[in-house]
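Visitor: Based on what follows, work out the 3D shape:
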Amino acid sequence: MHSDLRLTLAAFAVLFLLMQVACKKEDSSPTQPTNANVGGTWSGTGSDNSGPGTFTFALTQNGTNVSGTWSARDSQTGITVNGTLSGTVSGNNFQGQMIGGALNCVVTVSFTASISGSSMSGTYSGTSSCAGAVTNGRFNLTKQ
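Guide: Have a look, this model is predicted:
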């Protein structure tokens with residue numbers, strides 16, 4: 001009789017533990033992705049339908065908002081475009097717009113980029129008031 005009672009108590013204890021595990025309330029608060037830190041100076045290379053060049057971004061980040069300056073130097077002509085940049089970061093994704101000018105021309109492009117540690121790679125497209133469409137833009141930058 002004592003062994004039946006012990007077996008029954010043991011079965012109830014196991015059942016109780018299983019019910020606690022099964023009924024454990026999950027934390028329903030969503031986890032926020034950690035946003036990449038893009039603040040600082042980035043430099044590297046890029047190219048588009050006008051040819052290859054070098055790029056520099058000097059960025060300031062406040063939460064998910066990013067602002068700063070950029071420059072791009074065309075390797076074939078030596079012309080440098082300077083301007084401002086604004087965008088947002090979400091996780092490891094960075095997107096925004098760059099507006100700049102050189103030689104009385106205005107360049108406006110939209111970009112999207114992925115951040116991986118101290119590397120940024122992205123694409124861009126837009127318009128130049130002097131040259132027309134800016135297409136097939138790609139850049140690869142390293143944080144300095």
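Visitor: other SSEs contacting whichever strand or helix holds residue 84?
Guide: Per DSSP states H and E: residue 84 is located in strand 80-90. Counting contacts by 3 or more C-beta pairs under 8 Å, 6 or more residues apart in numbering; DSSP states H and E, strand 80-90 packs against strand 51-62, strand 65-74, strand 93-102, strand 105-116. Bear in mind the C-beta positions are built from the backbone N, C-alpha and C, glycine included.
Visitor: at 7 Å instead, please
Guide: When contacts are defined as 3 or more C-beta pairs under 7 Å, 6 or more residues apart in numbering; DSSP states H and E, strand 80-90 packs onto strand 51-62, strand 65-74, strand 93-102.
Visitor: Show me which parts of that strand are buried, residue by residue.
Guide: 81, 83, 85, 87, 89 (16 or more other C-beta atoms under 10 Å).
Visitor: so the first one touches residue 106, yeah?
Guide: Translated: residue 81. No: Residue 81 is not in contact with residue 106 according to C-beta atoms under 7 Å; the separation is 9.5 Å.
Visitor: So, low pLDDT: which residues of this protein?
Guide: Scanning the chain for pLDDT under 70 picks out 1-33.
Visitor: any idea which residue sits dead centre in it?
Guide: Residue closest to the mean C-alpha point of the chain, counted by C-alpha atoms, centre = their mean, is residue 93 at 2.1 Å.
Visitor: what residues are up against the closest residue to that residue other than its chain neighbours?
Guide: Distances taken as C-beta to C-beta, 6 or more residues apart in numbering place residue 114 nearest to residue 93, at 6.2 Å, with adjacent residues excluded. Counting by C-beta atoms under 7 Å, 6 or more residues apart in numbering, residue 114 touches 92, 93, 121, 122.
Visitor: now swap in residue 35 and tell me
Guide: 64, 89, 90, 91 are the contacts of residue 35 under C-beta under 7 Å, 6+ apart.
Visitor: switch the cut-off to 8 Å
Guide: Neighbour list for residue 35: 63, 64, 89, 90, 91 [criterion: C-beta atoms under 8 Å, 6 or more residues apart in numbering].
Visitor: if we can go back for a sec, out of the contacts of residue 114, which end up buried?
Guide: Among those, the ones that count as buried by 16+ other C-beta under 10 Å are 92, 93, 122.
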